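>>> pasted the sequence and its predicted model underneath.
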Number of protein chains: 2
Amino acid sequence: MQPIKSPAFFLGREEKGLISFGSGTPDLPPPKEVFKVLPHYHAFKYGLVQGQVNLRTDLSKEHPGSNFNDFVITNGASEALDLSIRYIAQQGGKKILIARPYFFAYPELIELAGMKPVFTDLVDGYIDLADFAQKLEECDGAIINSPGNPSGTVQSHKTMREIEKLSKDLDKWIISDEVYKDIIYVKDNYQLKGNKIIRVDSFSKTYDMTGYRIGYIYSKNKDVISNAVQMKSATSLNTSILSQQMAHAATKVHKKYVKDHIKIWKKRRDYMYEGLQKLGLETWKPDGAFYILAKMKNPYKVMMDLYYKHKVVVFNGEWFGAPDKIRFSYALDIPEIEEGLKRLKRYLRK
Amino acid sequence: MQPIKSPAFFLGREEKGLISFGSGTPDLPPPKEVFKVLPHYHAFKYGLVQGQVNLRTDLSKEHPGSNFNDFVITNGASEALDLSIRYIAQQGGKKILIARPYFFAYPELIELAGMKPVFTDLVDGYIDLADFAQKLEECDGAIINSPGNPSGTVQSHKTMREIEKLSKDLDKWIISDEVYKDIIYVKDNYQLKGNKIIRVDSFSKTYDMTGYRIGYIYSKNKDVISNAVQMKSATSLNTSILSQQMAHAATKVHKKYVKDHIKIWKKRRDYMYEGLQKLGLETWKPDGAFYILAKMKNPYKVMMDLYYKHKVVVFNGEWFGAPDKIRFSYALDIPEIEEGLKRLKRYLRK
């Protein structure tokens, strides 16, 4: 049995008979409009490092008060996060606050940029504002992720407004990772505003285009944008021009596509949540995204056993700062979820 | 007149009547096989962070002694450079040696990774081995770029073998940036081997696919590869799956495509070089790539004048560590080169 050290182990792996509650790869196809771009596409030269004007114009229409200069198109939200974090480090930043459990890449991105992560623990999936505020004082900024991966929770408007105020009053950067903002079941998301707010978003989850790697930075802070473009001119140049054209096509069906899909996600959420409840597992009920954390001793062993003996992928909670949990993604259809839960039941009975 | 601060200013700019000796964007189209992939392409999920197996297998066939585990597919050579440089910094590296004039992004990538660039000056376009060896001792590694941008020169086999030996004897990293290895007019390129050799290459110049951003790291050092994949899992995840499939199609016509194109590049090289000689400009004769540096006082002013008054793009040598030169790219057809040289003549006469 090969050891499994990170989520990357499973990315792109296709094995017959495997049920994957692993990576956050939607199984639903992108809008068909996305593929209509392809047959007659012939461009091949460098694009703008900041991103194609048509795509940035689309985004400005979705974000009231913005214009196309406020966006940088990136290789997925991952590069948007990397550039944002490197930007804070370039400004002399030393410490970044993150809520735990966290998206696995945050601590590594912070450390790669030469900074240190500081942690505030979620309470039942929600930010503890007193602790957050106190720790933010000693940091240069924080990363917020609502709806959260792996938490599945959506922070309240009250919390988000308080964080917005803290950013202003304490003059701290807030990177708001909103890649799941179009997958929310119970309330709407509050979108942060302010001079030190850097919003990070993606086409991957909204339009099921993970493989094409289209994300973006949105900020009203001109220094953030110009520095991100400057860095990206050295670190990767333009994002794939064809991926951007496909993303441009996707925006044309934004509202209808999102509305149709949320129904599917909600059904899966309900099925998955109830299934885990029946197995007696302790979880938070997801408000958004498509993840559930379940309490579990020895999550590494459980992950290894489930993968190698039961052909079920779950993720080790340790990767997300939750050493007493495993993470389930429910980005797969109901019959597969059903089969996966059956195998899980068999394993847990032993 | 808007000031022009970096090459990124011109990337993706299309203006009628403009003659661009600016960016290194080939005007020649990619192999037609590349576009045949598109009409029936339907994949959309995450790919392997290390890169698709078919493309890495193609590369292993082009590099004797390699296998598909020795490659990481990246967002252009830019990301390959960024990951390689960040890797050296993660190993505790502090200083990286580069030959001046240099590719504009090197110093910035080194500084972004928290290290310092150290410079050795090219002599008539070639590496001064004594100076190189002496300065390498105080550094953790060096970046080599042959054929060179902006120098246009190809380092001799003797020099390359000596650098290979220095890497081994002094235990120093060598990043060999080989993105122009398929565009050489006068000799062949020597390819470095060794445990601390990191080779960086790209599909952009070989196959005229700049907009699609396919580059790669090739190293026999397993730690380099595993760390690059680990970092990329946080900083950008897989490179666009569709760009990779297009690159895979390109490799099928590698030899013929390169052979046909080298004839075109050589004609342009000769035309450009002779044209600049006739204008009395002092240059090095290019051995490879598609750039010529010409001696020029006040290169910033010359660039501004030529762009805003004569609709000709040239690049400020200061961006490449050559404050007494301007850079011409001749990645455009002969009639355009002719027109550009006419405008240049008009400007120089004043």
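Good, I have the coordinates. Numbering: from 1, shown residues only, chains lettered A, B, ... in the order given.
>>> so where's the stretch 151-300 of chain A shaky on pLDDT?
Applying pLDDT under 70 to the predicted model, the stretch 151-300 of chain A contains no residue that meets it.
>>> quick one: the strands in chain A?
If you assign secondary structure with DSSP state E, the strands in chain A sit at A:19-20, A:71-75, A:95-100, A:116-121, A:141-145, A:173-177, A:197-202, A:214-218, A:291-295, A:312-313, A:315-316, A:325-329.
>>> what does stretch A:268-281 rub up against?
Residues external to stretch A:268-281 that are found in contact with it (CB atoms under 8 Å, 6 or more residues apart in numbering or on different chains): A:185, A:283, A:285-286, A:290, A:292, A:294-296, A:328, A:330-334, A:337-338, A:341, A:344-345, A:348. C-betas here are computed from N, CA, C, even on glycine.
>>> now those residues: which count as buried?
The neighbour-count criterion (16 or more other CB atoms under 10 Å in any protein chain shown) marks A:185, A:283, A:285-286, A:290, A:292, A:294, A:296, A:328, A:330-332, A:337, A:341, A:344 among the contacts of stretch A:268-281 as buried.
>>> taking the residues you listed together, which two end up most distant?
Across the buried ones among the contacts of stretch A:268-281, the two members that end up farthest from each other (CB to CB) are A:185 and A:296, 23.8 Å apart.
>>> find the centremost residue of chain A, please.
Residue closest to the average C-alpha location in chain A (CA atoms, centre = their mean): residue A:179, at 4.6 Å.
>>> am I right that it is in contact with residue A:200?
Yes: using CB atoms under 8 Å as the test, residue A:179 is close enough to residue A:200 to be in contact (7.1 Å).
>>> what's the overlap in contacts for these two?
With CB under 8 Å, 6+ apart applied, the overlap between the contact sets of residue A:179 and residue A:200 consists of A:77, A:215.
>>> where does the stretch 251-350 of chain A get nearest to chain B, residue-wise?
Of all residues in the stretch 251-350 of chain A, residue A:331 sits closest to chain B, with a separation of 9.8 Å (CB to the nearest CB).
>>> for that residue, what are phi and psi?
Summarising the backbone geometry of residue A:331 under the convention degrees, to the nearest 10, its torsions are phi -90, psi 60.
>>> how about the contacts made by it?
By CB under 8 Å, 6+ apart, the neighbours of residue A:331 are A:23-27, A:268, A:290.
>>> restricted to helices, list those.
Among those, the members falling in helices are residue A:268 (criterion: DSSP state H).
>>> about what we covered before: just the strands of chain A: most buried one?
The highest mean neighbour count among the strands of chain A belongs to strand A:71-75 (a mean of 28), with neighbours defined as mean count of other CB atoms under 10 Å in any protein chain shown.
>>> what helices or strands is it leaning on?
The criterion is 3 or more CB pairs under 8 Å, 6 or more residues apart in numbering or on different chains; DSSP states H and E, and the helices and strands that strand A:71-75 contacts are helix A:53-62, helix A:76-90, strand A:214-218, helix A:222-235.
>>> at 10 Å what do you get?
Strand A:71-75 is packed against helix A:53-62, helix A:76-90, strand A:197-202, strand A:214-218, helix A:222-235, helix A:241-251, strand B:71-75, with contacts defined by 3 or more CB pairs under 10 Å, 6 or more residues apart in numbering or on different chains; DSSP states H and E.
>>> paired strands for the last one, with orientation please.
In other words, strand B:71-75. Based on DSSP bridges, the pairing partners of strand B:71-75 within the sheet are strand B:214-218 (antiparallel).
>>> quick check: angle from the partner strand to strand B:173-177?
150 degrees (axes from the mean of the first three to the mean of the last three CA atoms, to 10 degrees).
>>> put the alpha carbons of stretch A:316-333 into PDB.
Output in PDB follows, covering the C-alpha atoms of stretch A:316-333 (Å, rounded to 0.1, in the frame of the first residue of the first chain):
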ATOM      1  CA  ASN A 316      -7.800  12.600   5.900                       C
ATOM      2  CA  GLY A 317      -9.000  15.400   8.100                       C
ATOM      3  CA  GLU A 318      -5.400  16.100   9.200                       C
ATOM      4  CA  TRP A 319      -4.900  17.700   5.700                       C
ATOM      5  CA  PHE A 320      -7.400  20.300   6.800                       C
ATOM      6  CA  GLY A 321      -6.300  20.800  10.300                       C
ATOM      7  CA  ALA A 322      -9.000  18.400  11.600                       C
ATOM      8  CA  PRO A 323      -7.100  15.400  13.000                       C
ATOM      9  CA  ASP A 324     -10.300  14.000  14.600                       C
ATOM     10  CA  LYS A 325     -12.300  14.000  11.300                       C
ATOM     11  CA  ILE A 326     -12.600  12.700   7.800                       C
ATOM     12  CA  ARG A 327     -13.900  14.700   4.900                       C
ATOM     13  CA  PHE A 328     -16.500  13.600   2.400                       C
ATOM     14  CA  SER A 329     -17.100  15.400  -0.900                       C
ATOM     15  CA  TYR A 330     -20.600  14.600  -2.300                       C
ATOM     16  CA  ALA A 331     -19.800  15.700  -5.900                       C
ATOM     17  CA  LEU A 332     -21.200  12.500  -7.300                       C
ATOM     18  CA  ASP A 333     -24.600  11.200  -8.200                       C
END
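>>> what residues does the stretch 51-200 of chain A have near chain B?
If contacts are counted using CB under 10 Å from any CB of the partner chain, the residues of the stretch 51-200 of chain A sitting beside chain B are A:51-53, A:74-83, A:85-86, A:89-90, A:103-114.
>>> how does it look with 6 Å?
Residues of the stretch 51-200 of chain A lying near chain B by CB under 6 Å from any CB of the partner chain: A:75-76, A:78-79, A:82, A:105, A:108-109, A:114.
>>> most neighbours, which of the residues you listed?
Neighbour count (other CB atoms under 10 Å in any protein chain shown) singles out residue A:75 as the most crowded of those, with 32 neighbours.
>>> my guess is that residue meets residue A:213, correct?
Yes: using CB atoms under 6 Å, residue A:75 and residue A:213 qualify as a contacting pair, with a distance of 4.6 Å.
>>> if we can go back for a sec, and the furthest pair within the residues of the stretch 51-200 of chain A next to chain B?
The two members of these with the most space between them (CB to CB) are A:76 and A:114, at 22.3 Å.
>>> how much space separates the residue lying closest to the residue nearest to the centre of chain A once chain neighbours are set aside from chain B?
Once its chain neighbours are removed from consideration, residue A:179 has its nearest residue in residue A:202; the separation is 4.4 Å (CB to CB, 6 or more residues apart in numbering or on different chains). With distances taken as CB to the nearest CB, to the nearest Å, residue A:202 is found 11 Å from chain B.
>>> kind regards, and thank you for your time.
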